[in-house]
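>>> the sequence and its predicted three-dimensional model are supplied below.
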Amino acid sequence: MRVVEDDGLRIPDYMWEEMKLIIPKVIDNHPLHCHRKRMDDRKVMDGIFFVLRTGCQWQALDSTNICKHSVAHERFQEWVQLNVFEEFWKRGLFMYDEVKGIDWKWLSLDGAMTKSPLGGEKNRRKPN
């Protein structure tokens with residue numbers, strides 16, 4: 001088993017401090033409080049960012065010491081539904097604007113919805 005050391009794979013502390021404010025707290029509603037304890041959110045987020053940074057498949061997390069791929073993928077899906085990543089992106093954008101400044105007048109968005117000029121005819125002959 002390959003062991004991943006803490007060589008920059010961990011979310012920086014300043015970033016985690018912002019991120020943990022966005023992640024909703026999970027409450028164990030079971031009357032006996034007997035559910036298994038969830039894996040630490042920071043470890044899971046480290047695993048998610050590892051997959052996003054490297055482009056590897058989720059299963060590749062199993063060969064690291066970060067976390068299991070099933071936990072990371074499940075939590076990723078949960079947090080996407082709760083807009084955690086979108087909110088983090090917004091906060092990061094506003095923070096960057098405060099620190100460095102974003103010159104909004106030079107930004108543009110191309111929303112053209114036209115056919116490709118070299119796309120060919122609709123019912124063209126298919127190659128063999």
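Happy to help now that I have it.
>>> from here on, contacts and neighbour counts on C-alpha atoms
OK.
>>> so which residues of the protein form helices?
Shown for the chain, the helices assigned by DSSP state H span residues 13-22, 41-54, 69-81, 84-99.
>>> can you give the distance of the first one from its chain's centre?
Read it as helix 13-22. 14 Å (C-alpha atoms, centre = their mean, to the nearest Å).
>>> could you check the angle that helix makes with helix 84-99?
Computed by axes from the mean of the first three to the mean of the last three C-alpha atoms, to 10 degrees, the angle separating helix 13-22 from helix 84-99 equals 130 degrees.
>>> show me the shaky parts of this structure.
Filtered on pLDDT under 70, the chain yields the residue ranges 1-8, 30, 33-35, 107-128.
>>> rerun that using 50 as the cut-off
1-6 (pLDDT under 50).
>>> check the burial of residue 55 by counting its neighbours.
Counted with other C-alpha atoms under 10 Å, the neighbours of residue 55 add up to 9.
>>> out of the helices of the chain, which one sits most buried?
Mean neighbour count (mean count of other C-alpha atoms under 10 Å) peaks for helix 41-54 among the helices of the chain, with a mean of 17.
>>> now it - C-alpha only, CSV.
Output in CSV follows, covering the C-alpha atoms of helix 41-54 (Å, rounded to 0.1, in the frame of the first residue of the first chain):
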residue,chain,number,x,y,z
ASP,A,41,-14.6,16.2,7.5
ARG,A,42,-11.2,17.7,6.9
LYS,A,43,-9.7,14.3,6.0
VAL,A,44,-12.5,13.7,3.6
MET,A,45,-12.1,17.1,2.1
ASP,A,46,-8.4,16.4,1.7
GLY,A,47,-9.4,13.3,-0.3
ILE,A,48,-11.9,15.1,-2.4
PHE,A,49,-9.4,17.8,-3.3
PHE,A,50,-6.8,15.1,-4.0
VAL,A,51,-9.1,13.6,-6.6
LEU,A,52,-10.0,17.0,-8.1
ARG,A,53,-6.3,18.2,-8.2
THR,A,54,-4.9,15.0,-9.7
